[in-house]
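*Asks:* Build me a model from this:
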Amino acid sequence: MSAVLSVRGIAKRYGEREALREISFDVAPGELVAIVGPNGAGKTTLLSIIAGVAPASAGTVEGPGAEAAVGWRVGWVPQHPAVYSKLSVAENLRLFAHLERLADPDGAVARMLELTGLGDRAGERVERLSGGNRQRVNVALGLIARPPALALDEPTSALDPGQRKRLWELVGSLARAGTAVLFSTHHLGEVRSYATRAIVLADGELLFDGAPSELIAANGGGGDFEAAFVAFLAERGH
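*Replies:* You can find the predicted model right below:
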């Protein structure tokens, strides 16, 4: 299957410090790719470059038929919801639809309300929503232009277990419909439960790229991704 996203030689430098070093991988339609690693590994930096909200020092992010350009049509869902709390759910969606210059803003709003299950909250101000529903709005904004790939930074960090489960049901439905999803998380059980693939970063380097089950099998996790992940990093001095 052809890649919907090709990351080639991405590097990021802050003065003398290298935050990312020559990161390369492809993502196919429908893949759920977890980007994991210790604090300071470069996870958010990588996702923000892929989404086009931060520049790379070197390298490209490309999609089929696109010119070599970092940030090619990837939906972005930052850790902290990028929403206007005084506006309603529908008003937020309509504003972003206009910012994206969509041909049918009202149609896009209706589609996202249905997809995220927020139709009954369309007229409610975002500040009055639960954390789970605010995050659904955040995901809807990232999806409103129908990107073939979506990047989520710590999407469940502030959610309770029930809210996390409902959000993953939404993300899973997106992947089954063909959207490539990349996400970072510190809830490592989510990698085992939901990711089809894990990319492990440490000190800006890509150390592992494969199925979560492969990392577990190679590092004696006994079915526990977190234990295998810790053992994998310890063996490499992280």
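*Asks:* and Val137, what is it in contact with?
*Replies:* Val137 makes contact with Pro81, Val83, Val89, Asn92, Leu93, Thr116, Leu118, Val126, Leu129, according to CB atoms under 8 Å, 6 or more residues apart in numbering. Where you see a C-beta, it was placed from the backbone N, CA and C, and this is true even at glycine.
*Asks:* Could you pull out the buried residues of the helix or strand hosting it?
*Replies:* Element membership for Val137, per DSSP states H and E: helix 131-143. Residues of helix 131-143 classed as buried: Gly132, Asn133, Arg134, Gln135, Arg136, Val137, Asn138, Val139, Ala140, Leu141, Gly142, Leu143 (neighbour count, 16 or more other CB atoms under 10 Å).
*Asks:* The second one contacts Ala122, doesn't it?
*Replies:* No - applying CB atoms under 8 Å as the test, Asn133 and Ala122 come out as separate, 11.5 Å apart.
*Asks:* so can I have TSV of the buried residues of helix 131-143 showing pLDDT?
*Replies:* What follows is the buried residues of helix 131-143, written out as TSV (pLDDT from 0 to 100):
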residue	pLDDT
Gly132	88
Asn133	91
Arg134	91
Gln135	89
Arg136	90
Val137	93
Asn138	91
Val139	91
Ala140	92
Leu141	93
Gly142	91
Leu143	90
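*Asks:* Mind naming the longest helix for this structure?
*Replies:* When the chain is parsed with DSSP state H, its longest helix is helix 161-176.
*Asks:* Return the list of helices and strands in contact with that helix.
*Replies:* The elements that helix 161-176 packs onto, with contact taken as 3 or more CB pairs under 8 Å, 6 or more residues apart in numbering; DSSP states H and E, are strand 32-36, helix 131-143, strand 180-184, helix 188-194.
*Asks:* Any idea which of those gets closest to Leu201?
*Replies:* Closest approach to Leu201 among these (CB to CB): strand 32-36, 6.6 Å.
*Asks:* I'd like the next helix or strand past that closest one.
*Replies:* Counting by DSSP H and E, the element after strand 32-36 in chain order, helix or strand, is helix 43-50.
*Asks:* Contacts made by that following helix with the rest, please.
*Replies:* Helix 43-50 is contacted from outside by 5, 7, 10, 12, 19-20, 23, 35-37, 54-56, 61, 70-71, 74, 76, 78-79, 149, 151-154, 182, 184, 201, using CB under 8 Å, 6+ apart.
*Asks:* Quick one: buried ones out of those?
*Replies:* Using 16+ other CB under 10 Å as the burial test, these include 5, 7, 10, 12, 19-20, 23, 35-37, 56, 61, 70-71, 74, 76, 78-79, 149, 151-154, 182, 184, 201 as buried.
*Asks:* Just the strands from the chain, written as ranges.
*Replies:* Assigned by DSSP state E, the chain shows strands spanning 5-14, 17-27, 32-36, 58-62, 74-77, 149-153, 180-184, 197-202, 205-210.
*Asks:* Can you add distance to Gly220 and give those strands back as a markdown table?
*Replies:* As requested, these are exported to a markdown table (distance: least, CB to CB, whole Å):
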| stretch | distance to Gly220 |
| --- | --- |
| strand 5-14 | 30 |
| strand 17-27 | 25 |
| strand 32-36 | 18 |
| strand 58-62 | 34 |
| strand 74-77 | 34 |
| strand 149-153 | 30 |
| strand 180-184 | 25 |
| strand 197-202 | 16 |
| strand 205-210 | 15 |
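*Asks:* Let me have the ones you listed in JSON lines, extended by distance to Arg111 and mean pLDDT.
*Replies:* Listed next are the strands of the chain as JSON lines, based on distance: least, CB to CB, whole Å; pLDDT from 0 to 100:
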{"stretch": "strand 5-14", "distance to Arg111": "23", "mean pLDDT": "95"}
{"stretch": "strand 17-27", "distance to Arg111": "24", "mean pLDDT": "95"}
{"stretch": "strand 32-36", "distance to Arg111": "22", "mean pLDDT": "97"}
{"stretch": "strand 58-62", "distance to Arg111": "26", "mean pLDDT": "92"}
{"stretch": "strand 74-77", "distance to Arg111": "14", "mean pLDDT": "91"}
{"stretch": "strand 149-153", "distance to Arg111": "15", "mean pLDDT": "94"}
{"stretch": "strand 180-184", "distance to Arg111": "18", "mean pLDDT": "96"}
{"stretch": "strand 197-202", "distance to Arg111": "28", "mean pLDDT": "97"}
{"stretch": "strand 205-210", "distance to Arg111": "33", "mean pLDDT": "97"}
